[in-house]
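Visitor: Can you look at this prediction? I've put the sequence above it.
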Amino acid sequence: MIERRRHHSWKTAWGFWRVLIAVSATFAALLVPAHIVGGETLVPHYRWYDAFLTFIFFTDVVIRLRAPQNVVGTRGWLLLGVDLVSAVPLAALTGIPAFALARLLKLLRVAQLLSSWRYHRLQYWNILRLVYFGYWLAICIHWLACGWLALRGASPGTDLWTGYLHSLFWVLSTLTTLGFTDNMPRTNPEIVYAAVLMIFGVATYGYVIGNVANILANIDPARARYFEHMEKLSSFMNYRGIPAELQRRVRDYHAYVWEHRLGYDEATTLSGLPPSLLIEVSMFLKRDVIQHVPFFATASDELIQEIALCMHPVVYMPGDVIFRQGERGRDMYFISRGAVEVLGKDGQPMAILRKGDVFGEMALVLNKPRTATVQATGYCDLYRLEKAMFDDILSRYPEFAAHVRALTRERRGSRRVVNT
């Protein structure tokens, strides 16, 4: 447990550090090209910024070497070499300003961070993809503006900041295919630069239009799947002549499942998890209902975990009979959401059971017929534990089995308890 908490603390701190590195790399991507083109005029006090970047990038190399490998992931020595190169103040050491572009290699870590977010934020990936594109496009536009300023220079009578704004405006107008004739390229290098920029603008325009259309079409894939499934189901029921009332109940069931589970089946969704994660997720989902059961008050953690893994979710609609009086008990139920009504021999209500309650355990443990009928008063989310699985667990925990049978007989003899 202590090791797991330490690992979690490392992961949290590592996440914040990666964000800080991404911000610093973005900072460098904006300042370095501007300083190469305009010097201290465009970026005052650049040497202090450069010293900060040197410190933060060297610290990142040290942290990556010393941090646990299961936190930082597999160490790529090539990327660590890139980190080291970007940390060295080459421009200050050699006196060649262009060598400061080596700082931009740190953007590889930004790309790595954005890629990892892609897999951890799948439900927002369509939106994030457009945000990431906007991030890289903004940096590229800044670089292109700096390049045009280096080629054209500032207009006579204007300062470098005004020249940069003019260059930025020209780049934006060219990328958006608007264009302005009063700022046409004049020299051969300017013409080549403008032609390349126009090609880049056409590709960017097509990418944006295509992705926006795709995002709008797939903004909510779960909802799209739900409506597609409902259309197929409605067509099938109409084709087979299913009565209108029964069709309504089928649609109501799917609407409830969609509203509370987005149409996903819990057991199927979790089936692909490895055993350790499956146990943790199952315990998180079912802990609240298990801990209310008197049977499990003295149970070990291992037994509770086995019980949680054997509990399967089921949904009942209003008025559905979960089991009837006289039936052989084959399972017990845990209420996760909703309420059920216990009916006596005369059909009159005896009790209302709600979230956290358990029922059906008497007949299951004692192997006796059901002594009451239980039906859902509304939509109910239950967890069902089958007798075969429960007996298998009891066979491996004889002391717990004896405790359960004794407690069941005691409760069965109590008049305050509704026996089912």
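Guide: Okay, I see it. Bear in mind that the values here come from a model prediction, so they are computed numbers and not experimental data. Numbering: from 1, shown residues only.
Visitor: Low-confidence stretches in the stretch 201-350 of the chain?
Guide: Residues of the stretch 201-350 of the chain meeting the criterion pLDDT under 70: 215-224, 260-269, 271-272.
Visitor: Now do the helices in it.
Guide: 221-239, 244-261, 266-270, 275-290, 301-310 (DSSP state H, counting those that start in this stretch).
Visitor: Could I have the CA atoms of the longest one written out in CSV?
Guide: Right, helix 221-239. Written as CSV, here are the backbone C-alpha positions of helix 221-239 (Å, rounded to 0.1, in the frame of the first residue of the first chain):
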residue,chain,number,x,y,z
PRO,A,221,-19.9,8.4,-31.1
ALA,A,222,-21.8,6.7,-28.2
ARG,A,223,-25.0,8.7,-29.0
ALA,A,224,-24.6,7.9,-32.7
ARG,A,225,-24.3,4.2,-31.9
TYR,A,226,-27.4,4.4,-29.7
PHE,A,227,-29.6,6.0,-32.3
GLU,A,228,-28.3,3.5,-35.0
HIS,A,229,-29.1,0.6,-32.7
MET,A,230,-32.6,2.0,-31.9
GLU,A,231,-33.4,2.4,-35.6
LYS,A,232,-32.5,-1.2,-36.3
LEU,A,233,-34.4,-2.4,-33.3
SER,A,234,-37.5,-0.4,-34.2
SER,A,235,-37.4,-1.7,-37.8
PHE,A,236,-37.1,-5.3,-36.5
MET,A,237,-40.0,-5.0,-34.0
ASN,A,238,-42.3,-3.4,-36.7
TYR,A,239,-41.3,-6.1,-39.2
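Visitor: That one versus helix 244-261: what angle between them?
Guide: Per axes from the mean of the first three to the mean of the last three CA atoms, to 10 degrees, the angle that helix 221-239 makes with helix 244-261 is 170 degrees.
Visitor: quick one: buried residues of helix 221-239?
Guide: By 16 or more other CB atoms under 10 Å, the buried positions in helix 221-239 come out as 226, 230, 237. In short, each C-beta sits where N, CA and C put it, glycine included.
Visitor: What of the last one?
Guide: Neighbour counts over helix 301-310 (16+ other CB under 10 Å) mark 303, 304, 305, 306, 307, 308, 309, 310 as buried.
Visitor: Can I get the residues you listed in a markdown table including distance to residue 289?
Guide: Formatted as a markdown table, those follow (distance: CB to CB, whole Å):
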| residue | distance to residue 289 |
| --- | --- |
| 303 | 16 |
| 304 | 12 |
| 305 | 14 |
| 306 | 15 |
| 307 | 10 |
| 308 | 9 |
| 309 | 14 |
| 310 | 13 |
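Visitor: Report how many residues lie close to residue 142.
Guide: Residue 142: 18 surrounding residues under other CB atoms under 10 Å.
Visitor: And the helices of the stretch 201-350 of the chain: which comes nearest residue 54?
Guide: Closest to residue 54 of the helices of the stretch 201-350 of the chain is helix 275-290 (CB to CB; 41.0 Å).
Visitor: relative orientation of the closest one and helix 301-310 in degrees?
Guide: Per the same axes, to 10 degrees, the angle that helix 275-290 makes with helix 301-310 is 90 degrees.
Visitor: after the lengthiest helix in the chain, next one along is what?
Guide: The single longest helix within the chain, with elements called by DSSP state H, is helix 2-42. Later in the chain than helix 2-42, the nearest helix or strand by DSSP states H and E is helix 46-66.
Visitor: elements contacting the longest helix of the chain?
Guide: Contacts defined by 3 or more CB pairs under 8 Å, 6 or more residues apart in numbering; DSSP states H and E place helix 2-42 against helix 46-66, helix 69-72, helix 107-120, helix 125-152, helix 160-175.
Visitor: what about 10 Å?
Guide: helix 46-66, helix 69-72, helix 77-87, helix 90-94, helix 107-120, helix 125-152, helix 160-175 (3 or more CB pairs under 10 Å, 6 or more residues apart in numbering; DSSP states H and E).
Visitor: For the first one, list every residue counted as buried.
Guide: Yep, that's helix 46-66 we're talking about. Buried residues in helix 46-66, counted by 16+ other CB under 10 Å: 46, 49, 50, 53, 54, 56, 57, 58, 60, 64.
Visitor: How about the longest one?
Guide: For helix 125-152, the neighbour count (16+ other CB under 10 Å) marks 125-126, 132, 139, 142-149, 151-152 as buried.
Visitor: what's the answer for stretch 192-205, then?
Guide: The neighbour-count check on stretch 192-205 (16+ other CB under 10 Å) flags 193, 194, 197, 201, 204 as buried.
Visitor: what's the spacing between the helix or strand that contains the third one and its chain's center?
Guide: Going back to what we said before, that points to residue 197. Following DSSP H and E, one finds residue 197 within helix 188-217. Mean C-alpha position of helix 188-217 versus that of the full chain (CA atoms, centre = their mean, to the nearest Å) differs by 31 Å.
Visitor: What helices and strands are in contact with it?
Guide: Counting contacts by 3+ CB pairs under 10 Å, 6+ apart, helix 188-217 is packed against helix 125-152, helix 160-175.
Visitor: How about the contacts made by residue 303?
Guide: Taking CB atoms under 10 Å, 6 or more residues apart in numbering as the contact definition, residue 303 lies against 296, 393, 394, 396, 397, 400.
Visitor: From residue 403, how far off is the first one?
Guide: When distance is defined by CB to CB, to the nearest Å, residue 296 is 10 Å away from residue 403.
Visitor: per-residue confidence for residue 200?
Guide: pLDDT, residue 200: 83.
Visitor: hang on, I meant residue 141
Guide: Here the pLDDT value assigned to residue 141 is 91.
Visitor: Report the beta-bridge partner residues of the residue nearest to residue 312 when sequence neighbours are not counted.
Guide: Closest residue to residue 312 apart from its sequence neighbours, by CB to CB, 6 or more residues apart in numbering: residue 384 at 5.4 Å. Residue 384 has these beta-bridge partners by DSSP bridges: residue 312, residue 333.
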